[in-house]
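Asker: test case, fold it:
(one chain, ligands or ions: 1)
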Amino acid sequence: MIGRPRVHLRLTDSTNERARALAAAGAPHGTLVTADEQSAGRGRQGRAWTAPPRSALLMSLVLRELHETLPLAAAVATCEALPLDASIKWPNDVWIDGRKVAGILVEGRPQEGWAVLGIGMNVTALDFPPELRGMATSLHLAGEDIGNEEVLGRLLAGLDRWLAAPTAEVLAAWRSRDALAGEPVRWQNGSGKASGIDDSGALLVDTDSGRVALHAGEVHLLR
Ligand code: BTN
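Answerer: Reported below is the predicted structural model:
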């Protein structure tokens with residue numbers, strides 16, 4: 001099962017950064033890096049990821065068995081690890097009640113045969129900075145008092161299953177949790193109605209000038 005060997009750090013720059021260094025040095029598939037606190041946590045799109053010490057599950061896995069569905073499968077596994085109903089905002093933000101509880105950052109060197117899967121999940125946070133309030137939540141705020149280690153155990157079990165699952169199963173599970181399906185969305189270059197994902201994981205949006213497929217970037221729900 002993935003999650004062994006494990007390195008736990010009280011404070012580090014970024015668990016993804018540490019896992020990348022371990023991967024480059026030959027660490028085996030499934031190596032896990034966790035931390036109480038990060039000084040330079042990274043999010044998607046070049047953003048920072050911050051959380052007060054021990055308030056979030058901060059983890060990164062070295063993966064050497066790579067599937068194209070990795071980012072989607074990771075989101076499905078993260079939802080299933082939660083004791084609450086969760087949905088996925090494309091491509092792989094995990095939401096509870098329309099607020100983000102977990103984010104996923106996949107960084108890789110496919111040509112060297114490895115990727116790092118980083119997951120940050122707000123577990124016990126009591127509050128968020130003003131700019132995130134209203135957009136972020138934690139398991140505690142959503143009414144679930146569960147510890148970081150318990151969530152980690154559930155998450156690793158789910159990742160073990162979903163990272164190796166057939167593509168069709170991953171796509172079906174992802175689609176059943178799609179938070180944007182049928183909703184009005186906008187992105188840098190346009191707006192329209194989100195209409196699910198294609199088999200490559202691209203977001204399909206119906207616009208006034210036809211259907212477009214978004215392969216990367218950020219979309220916002222218009223509500
Ligand atoms: C996002 O939603 O933008 C992705 C956030 C990913 C954050 C996690 S926290 C653990 C791991 N280490 C990092 O530096 N980033 C990921």
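Asker: give the bridge partners for the residue in the chain that the ligand sits nearest to, please.
Answerer: Closest to the ligand within the chain is residue 103: 2.1 Å, counting by C-beta to the nearest ligand atom. (Each C-beta comes from the backbone N, C-alpha and C, glycine too.) Under DSSP bridges, the beta-bridge partners of residue 103 are residue 120.
Asker: number of residues surrounding it?
Answerer: 24 (other C-beta atoms under 10 Å).
Asker: contacts only, for it.
Answerer: 43, 44, 49, 92, 93, 94, 119, 120 (C-beta atoms under 8 Å, 6 or more residues apart in numbering).
Asker: what of residue 11?
Answerer: 35, 36, 37, 38, 39, 53.
Asker: which of the contacts of residue 103 are buried, as a ChimeraX select command?
Answerer: The buried residues among the contacts of residue 103 can be selected in ChimeraX (16 or more other C-beta atoms under 10 Å) with this line:
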select :44,49,92,93,94,119,120
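Asker: the longest helix anywhere in the chain and the ligand, are they touching?
Answerer: Longest helix in the chain, counting residues (DSSP state H): helix 148-162. No. On the criterion C-beta under 6 Å from any ligand atom, helix 148-162 is out of touch with the ligand, staying 11.8 Å away.
Asker: centre of the chain to that helix, how far?
Answerer: In this view, helix 148-162 has its centroid 13 Å away from the chain centroid, taken as C-alpha atoms, centre = their mean, to the nearest Å.
Asker: packing partners of the very next helix or strand once past it?
Answerer: With elements assigned by DSSP states H and E, the helix or strand that comes after helix 148-162 is helix 167-175. Applying 3 or more C-beta pairs under 8 Å, 6 or more residues apart in numbering; DSSP states H and E, one finds that helix 167-175 contacts helix 70-81, strand 190-197.
Asker: want to try TSV for the contacts of residue 103, with secondary structure, pLDDT and distance to the ligand as columns?
Answerer: TSV is the format used below for the contacts of residue 103 (DSSP: H, G, I helix; E, B strand; the rest coil; pLDDT from 0 to 100; distance: C-beta to the nearest ligand atom, whole Å):
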residue	secondary structure	pLDDT	distance to the ligand
43	coil	97	3
44	helix	95	4
49	coil	96	4
92	coil	94	8
93	strand	97	6
94	strand	98	9
119	strand	98	6
120	strand	98	3
